[in-house]
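S.K.: test case, fold it:
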Amino acid sequence: MNVAVAAAAPTRVDRRLFITLPIALVGVQVVVGGADLLVAAALDVVELAGGSVTTFGVITAVASFVALLVYPLVGHASDRTAVRVGRRSAWVVAGSLGSAAGLIVMSQARSSAGLGFGFVVAVAFIPVIVVPLYASIPDRVAVPRRGAIGALVGAATIAGGMAGNVLAAGFATRIAAGAVTFAAVLVLGAAAFAIFGGESRTIEPDDRFPEPGDPSPDHRPGWSAPAGHSADFAWFTIGRFALFLAYAIVAALAYYVVRDYLGSTDPAAGVATFAVVTGSATLLAALAAGPWSDRIGRRKPFVIVAAGLLGAGVLVPAVAPTMTAFLVAAAIIGIGFGIYLAVGTALGTQVLPDPSAAGRDIGLIGLANAGAAAVAPFLGSQVASTFGYPAMFALAAAAAMAAMGALLQIRSVR
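M.R.: Residues are numbered from 1 along each chain as shown. Below is the predicted model:
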């Protein structure tokens with residue numbers, strides 16, 4: 001193994017990160033899981049009901065596009081930040097304050113334009129928090145424990161998202177109070193990470209901050225990327241995009257599946273049950289798979305099985321169009337997605353081309369996540385409306401199989 005890269009990898013466990021990172025992620029996911037629901041509820045107040053759906057679509061599309069632009073920029077910037085509070089902590093706090101400002105604007109908005117502006121600002125700052133949080137894993141967690149931290153990341157992602165949904169429902173008639181509550185939860189989580197997370201306050205000279213005129217790290221004497229890591233990173237990112245696409249196609253259109261394909265007279269209740277089953281299965285699978293992966297020292301078998309389960313799960317309602325079958329699918333999908341959230345997080349940190357530039361590369365991984373989430377509703381709806389819902393499920397299964405194929409190409413990690 002290359003000496004310079006090996007030296008960059010942490011060799012001990014920073015236990016404070018195992019507590020403060022999930023706390024901060026719960027705060028982020030509360031906003032991600034609930035802020036759009038607050039916007040939808042607020043639009044019913046400031047607009048005539050007939051225009052709300054169109055306006056909501058425009059607002060969320062613009063917010064997603066802006067966030068896509070931010071992901072690849074913030075990671076590189078956080079790699080090169082040298083401040084006493086810690087390079088990752090500084091960006092996490094700044095991002096939380098920026099997102100909170102957007103939520104406060106939402107709380108005071110009296111028009112769809114004001115709501116939209118506040119929501120776009122809130123969403124645009126989410127990558128400023130998420131990328132440095134994830135980059136702290138390769139910075140500070142030894143490889144043999146990354147499955148465990150991945151399990152906590154997966155659990156925090158699901159728990160925060162579910163909490164965001166519940167809070168948004170509770171504040172549906174009190175939008176201002178809901179937006180302020182979301183802002184407070186977000187900032188408190190970020191503050192906990194910065195104050196109690198234990199990031200080193202000392203910035204030591206290293207290859208992250210080359211002097212003007214120095215050759216790039218790739219061309220300095222004695223430095224080379226680990227053999228195969230650049231290719232493995234590319235395959236991992238492709239696989240992550242495809243797997244998140246498979247999951248998001250079904251999750252994003254679950255309401256229409258229940259209403260139009262399954263013929264339910266109460267689609268909202270059906271989607272709520274689907275979300276509870278999926279979330280519970282994801283949470284349990286993530287908590288089990290991450291430590292198990294650490295214990296046996298393997299990553300690839302877990303993520304490959306995860307892709308296979310997800311692909312099988314999305315096909316269940318295609319062959320059995322009943323609510324019972326859809327809930328069985330929810331459990332299978334949740335188990336697969338939970339395994340991937342935990343072990344895929346660990347695997348991703350092990351195929352980074354340059355551990356000293358973890359933020360830059362994790363920003364690209366975040367771009368894959370966000371890109372899949374942005375594409376899935378449009379792509380899935382077009383296939384469903386043109387060819388029917390079984391074709392949509394087949395598309396999701398094909399995406400899961402593409403993810404499996406990409407993950408099989410990874411060579412540097414077992």
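
S.K.: geometric centre of this structure: which residue is closest?
M.R.: The centre of the chain sits closest to residue 369, judged by CA atoms, centre = their mean, with a distance of 6.0 Å.

S.K.: give the contact list for that one.
M.R.: 240-241, 244 (CB atoms under 8 Å, 6 or more residues apart in numbering). Every residue, glycine included, has its C-beta placed from N, CA and C.

S.K.: please report the distance of it from residue 256.
M.R.: The gap separating residue 369 from residue 256 is 23 Å, by CB to CB, to the nearest Å.

S.K.: re earlier: secondary structure element for the residue nearest to the centre of the chain?
M.R.: Per DSSP states H and E: residue 369 is located in helix 358-387.

S.K.: now residue 331
M.R.: Going by DSSP H and E, residue 331 is in helix 323-339.

S.K.: what does the helix or strand following that helix contact?
M.R.: As assigned by DSSP H and E, the chain's next helix or strand after helix 323-339 is helix 345-350. With CB under 8 Å, 6+ apart as the test, helix 345-350 has contacts from 134, 137-138, 141, 143, 146-147, 149-150, 153-154, 236, 240, 290, 293-294, 299-300, 303, 358, 362, 365, 410, 412-413.

S.K.: can you flag the buried ones in those residues?
M.R.: 134, 137-138, 141, 143, 146-147, 149-150, 153-154, 236, 240, 290, 293-294, 299-300, 303, 358, 362, 365, 410, 413 (16 or more other CB atoms under 10 Å).

S.K.: give the contact list for the closest residue to residue 342 other than its chain neighbours.
M.R.: Spatial nearest neighbour of residue 342, chain neighbours left out: residue 290 (3.6 Å); criterion: CB to CB, 6 or more residues apart in numbering. By CB under 8 Å, 6+ apart, residue 290 lies in contact with 147-152, 154, 342-343, 346.

S.K.: farthest pair in the residues you listed?
M.R.: 152 and 343 (12.6 Å; CB to CB).

S.K.: list the buried residues for stretch 107-118?
M.R.: The neighbour-count check on stretch 107-118 (16+ other CB under 10 Å) flags 107, 109, 112, 115-118 as buried.

S.K.: and if you look at stretch 304-318?
M.R.: So, applying 16+ other CB under 10 Å, buried residues of stretch 304-318: 304-307, 309-311, 313-318.

S.K.: just name the closest of the residues you listed to residue 393, please.
M.R.: For the buried residues of stretch 304-318, the nearest to residue 393 is residue 318 (4.0 Å; CB to CB).

S.K.: quick one: the helices in the stretch 1-150 of the chain?
M.R.: 3-8, 15-46, 49-79, 87-108, 112-124, 126-140, 146-170 (DSSP state H, counting those that start in this stretch).

S.K.: could you dump those helices to CSV with mean pLDDT?
M.R.: Shown next, in CSV, are the helices of the stretch 1-150 of the chain (pLDDT from 0 to 100):
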stretch, mean pLDDT
helix 3-8, 38
helix 15-46, 88
helix 49-79, 79
helix 87-108, 94
helix 112-124, 92
helix 126-140, 93
helix 146-170, 91
